[in-house]
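take a look and give me a structure for this.
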Amino acid sequence: MSEEESGSGDPNQRERRQTARIPLEMWVEETTDNERYFRRAGNLSRGGLRLDHTIPLPQGTVVNLTFTLPGDSTPVEVSGEIVSSATPDDLRMGVKFVTVGAAAQAQIDAYLARVSNSR
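Presented below is the predicted three-dimensional model:
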């Protein structure tokens, strides 16, 4: 099992994420087999994002996400898996991208590079 997957609670171990998350605010359309929600993202990385102010779905739930990155006009479409949920009081959940097309990954990478270079 990789360090990213292990999730051990040892605070001395390296951060589980392999890519940095960039704070942002954007709307994300989330659909499952029979439901559709509009959620707010709080951060984004190459491999996932955090949805804030939302009633968390169970870990392992697969969702389809559509969002338009700040400064872009073409929507990004990916599928992801809920990999973490905070307590009900926190109302947020982490999503790991599981299916990302080449064009979508290029858009995400370009956005992250733009934001990183402007810091």
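
tell me who's in contact with residue 114.
Each residue near residue 114 by Cβ atoms under 8 Å, 6 or more residues apart in numbering is listed here: residue 71. Where C-beta positions appear, they are placed from N, C-alpha and C, glycine not excepted.

part of a helix, is it?
Yes - residue state for residue 114 (DSSP: H, G, I helix; E, B strand; the rest coil) corresponds to a helix.

which stretches in the protein count as helices?
Taking DSSP state H to define them, one finds helices in the chain at 3-6, 102-117.

for this protein, which spans come out with low pLDDT?
1-19, 86-89, 119 (pLDDT under 70).

and if we set it to 90?
1-21, 31-35, 52-59, 84-93, 115-119 (pLDDT under 90).

which residue is nearest the centroid of it?
residue 49 (1.5 Å; Cα atoms, centre = their mean).

mind listing what that residue touches?
With Cβ under 8 Å, 6+ apart, residue 49 has these contacts: 21, 28, 41-43, 65, 80, 94-95, 97.
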